[in-house]
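Peer 1: sequence first, then the predicted structure, then my questions.
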Amino acid sequence: MEQGILKVLAVADPAVNGYLDKKLGILDRYKENVEFQIVPWSEYYDKMMESLNGSGDYDIIMAAGHLWLSDFVEKGYLAELELEEEDILPAIVREMTYQDKTYLSPSFCDGHMIVYRKSLINQVLGKELGPVITPQEYLDTAKALAAVYGKKAVAMKADSSEIFTDALPFLRMYGGDAYDSEGNPVCGDEEAIRGLQTYCELKSYALEGTEHFANEEIADAIRKKAVMAVTWSGQLGAVWENGCLEPEDLGFSTFSTAWNVTWSFAICSESRKREAANDFLRYLRSSLVDCKTGRVGGAPVRESSYQKGNDPWYPVQKIMIESARPLPHINRSGDKNAILYQKIYQAFTGELSAREAMESAEREIADIT
């Protein structure tokens, strides 16, 4: 390994915490040579951008897959890396590349997963949810639950730091989307506006304070109170293991309009330790490590991990990964998506109508070049 400590900037997540878990011993062979700094999601993007723009000396950063990839490559932030595909799921392999070159090494997936109490859903619907349902079916189920259990049955991850991607399946439910295939904003189209109106309607059936629910609040709600909720697949291991009431009663589904992103490691172009970084990332995505972190976070990236694992959400999650629709490669995606987070949150909290929010968002995004 080249001289010096390999410095890694990573996002706070159960799977990432697994790398540092002394019981798992994943970093034992690298403990003298690797330093992780883990930052909460709400602070991560700003910290990462400060580093990439010259204020940090990280060799490796975590990137939200296709969401940031093209932007970072075009700006010269990332170095090419070596990726042996082996049994990494094909949809994930595709996400690691841009213009036929590989820049990312996969860590875990964060895609839309629906978690529900099978016994209570059965009492209301007379059946469990299918492995894939539409957003309209989700809303109809929420209405049916409210008629029996009252409005406080559904949890929504609608905090301002989460709401764009939480709402995305609903923006798509009538054929709309946030962006077209070329990366142009289309959130002001009638279909996307109707989708946001439906998402905001769902608040009527949600737990109080859901507009402040991020990962921790959603996880707690699933463990204790919520009959139904949508969360990220990378949180499921932590939800299942840490004090969940009657975990065997949890059922899993996903949306027909789901989105998934593969949180990945990237080597910074300014790093002088690229050989060491490639060696380290090769180890982190190995079958052995993927199985271990998959059990902690719940969202591995290899076919073999799904075959060996017995977590009950794995079959649905694999369907989600293979069928989820990514966003297109977008120039200045961070700046543009920040507008969607803000405007959707204003609609959800009643400051703007869905139409005002989406039409305003489209105009402001179009002005960013």
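Peer 2: Sure, I can see it.

Peer 1: which strand residues bridge the most centrally placed residue in the chain?
Peer 2: The chain has Asp110 as the residue nearest its centroid, 3.1 Å off, counting by C-alpha atoms, centre = their mean. Beta-bridge partners recorded for Asp110 (DSSP bridges): Val261.

Peer 1: quick one: residues contacting it.
Peer 2: Shown in contact with Asp110 (C-beta atoms under 8 Å, 6 or more residues apart in numbering): 13, 64, 232-234, 260-263, 299. To be clear about C-beta, it is placed using only N, CA and C from the backbone, and glycine gets the same treatment.

Peer 1: what sits against Arg325?
Peer 2: Counted by C-beta under 8 Å, 6+ apart, Arg325 has contacts 172, 257-259.

Peer 1: returning to that earlier point: got a quick PyMOL command for the buried subset of the contacts of Asp110?
Peer 2: A single PyMOL command selects the buried members of the contacts of Asp110 (16 or more other C-beta atoms under 10 Å):
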select buried, resi 13+64+232+233+234+260+261+262+263+299
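
Peer 1: in strands only, show me the contacts of Asp110.
Peer 2: Within these, residues falling in strands by DSSP state E are 64, 232, 260-263.

Peer 1: can you put these in TSV and add distance to Pro40 and pLDDT?
Peer 2: Converted to TSV, the ones in strands among the contacts of Asp110 look like this (distance: C-beta to C-beta, whole Å; pLDDT from 0 to 100):
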residue	distance to Pro40	pLDDT
Ala64	14	95
Trp232	14	95
Asn260	21	97
Val261	17	97
Thr262	20	97
Trp263	14	97
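
Peer 1: nearest to Leu52 among those?
Peer 2: Ala64 (13.5 Å; C-beta to C-beta).

Peer 1: for that closest one, give its distance to Leu20.
Peer 2: Per C-beta to C-beta, to the nearest Å, Ala64 is found 20 Å from Leu20.

Peer 1: repeat that for Tyr30.
Peer 2: Distance from Tyr30 to Leu20, by C-beta to C-beta: 11 Å.

Peer 1: please apply the same query to Ser107.
Peer 2: 13 Å.

Peer 1: again, but for Pro40
Peer 2: 15 Å.

Peer 1: with Phe36 instead?
Peer 2: Counting by C-beta to C-beta, the gap from Phe36 to Leu20 is 6 Å.

Peer 1: for Cys187, same thing?
Peer 2: Counting by C-beta to C-beta, the gap from Cys187 to Leu20 is 38 Å.

Peer 1: between these two, which is the more surrounded one?
Peer 2: Shown here are Cys187 and Leu20; by other C-beta atoms under 10 Å, Cys187 has more neighbours (26 against 13).

Peer 1: and the closest residue to Asn184 other than its chain neighbours, how many neighbours?
Peer 2: Once flanking residues are discounted, Asn184 sits nearest to Ala366: 7.6 Å by C-beta to C-beta, 6 or more residues apart in numbering. Number of residues near Ala366 (other C-beta under 10 Å) recorded here: 12.

Peer 1: surely Ala366 touches Val186?
Peer 2: No - in terms of C-beta atoms under 8 Å, Ala366 does not count as a neighbour of Val186; the distance is 10.2 Å.

Peer 1: OK, contacts around Trp259?
Peer 2: By C-beta under 8 Å, 6+ apart, the contact set of Trp259 is 111-112, 165, 168-169, 324-327.

Peer 1: how about Phe108, phi and psi?
Peer 2: phi -160, psi 160 (degrees, to the nearest 10).

Peer 1: could you do Tyr179 as well?
Peer 2: With angles defined as degrees, to the nearest 10, Tyr179 sits at phi -140, psi 150.
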